[in-house]
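Visitor: Have a look; sequence and predicted model below, questions after that.
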Amino acid sequence: IPPRRTVLQRGVPLERSILLLEGFMCRYKDLRNGRRQITALHVPGDFLDLHGFTLKQLDHDVMSIGHAKVAYALHSDLIRLTETLPHLTRLLWFSTNLDAAMHREWELSLGQRMGAERAAHLICEIHARLQIVELVRGNEFDLPLNQAEVGECLGLTVVHTNRVLRELRERNLAHFSRGRVRIEDLAALKAFADFDPTYLYLGRTAR
């Protein structure tokens, strides 16, 4: 899938769910005036719309960020799997619960964290999630967002986004440039963001 392609649109009937294999994608909602809020970032290994299996349509759009590769799971196959493989059913349920936990943390960031803290927390989260799928090299990883899109994740204008990213750089915490993040001091970045990875349930799976 090429960059910046909307692959799912709100309100469209769904007969399959999408598993992200390579690249990054996001969920977003927008207003009639064109202002957009990115509500989730997806990394390889994520189901983009597993909730669409039961809802049968989405209330938001899904867009690729950079080039991406996906696999499709027909809902008819998911029905068969959930009826015959209870452990897999619990794993899929765990995935949707984890998705909801991340949404709650994003909501906390938007409501209570200051701009630079939001940016730091986002970097910490993506770092932790990419470590699981072995896409962190040292303390560096790809994040092919432009500054406007970072702002749409953080609920900030482009000017404010530029300011908070500069603050992280000047504090020698993290450097974001041209779609790549380098964490200078991970412990200090986590402390600054008040990052507690408990909500990611790392190392836990459904039994």
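Guide: Perfect, I can see it now. Residues are numbered from 1 along each chain as shown.

Visitor: Relative to residue 20, how far out is the spatially most central residue of the chain?
Guide: Nearest to the geometric centre of the chain sits residue 41, at 1.9 Å (CA atoms, centre = their mean). From residue 41 across to residue 20, the span is 11 Å (CB to CB, to the nearest Å). Where you see a C-beta, it was placed from the backbone N, CA and C, and this is true even at glycine.

Visitor: so after the one helix or strand the residue nearest to the centre of the chain maps to, what's the next helix or strand?
Guide: In the assignment (DSSP states H and E), residue 41 maps to strand 36-42. Once the chain leaves strand 36-42, the next helix or strand it forms, by DSSP H and E, is helix 52-55.

Visitor: Could you list every helix and strand that that next one packs against?
Guide: Judged by 3 or more CB pairs under 8 Å, 6 or more residues apart in numbering; DSSP states H and E, helix 52-55 is in contact with no other helix or strand.

Visitor: what's the average pLDDT for stretch 79-95?
Guide: Average pLDDT, stretch 79-95: 93.

Visitor: That stretch: end-to-end distance?
Guide: By CA to CA, to the nearest Å, the extent of stretch 79-95 from end to end equals 16 Å.

Visitor: how much space between the spatially most distant residue from the centre of the chain and residue 78?
Guide: In the chain, the greatest distance from the average C-alpha position (CA atoms, centre = their mean) is reached by residue 84, at 30.3 Å. Distance check for residue 84 against residue 78: by CB to CB, it reads 11 Å.

Visitor: where along this structure do the strands fall?
Guide: For the chain, the strands defined by DSSP state E cover 6-8, 16-30, 36-42, 61-74, 140-142, 174-177, 180-183.
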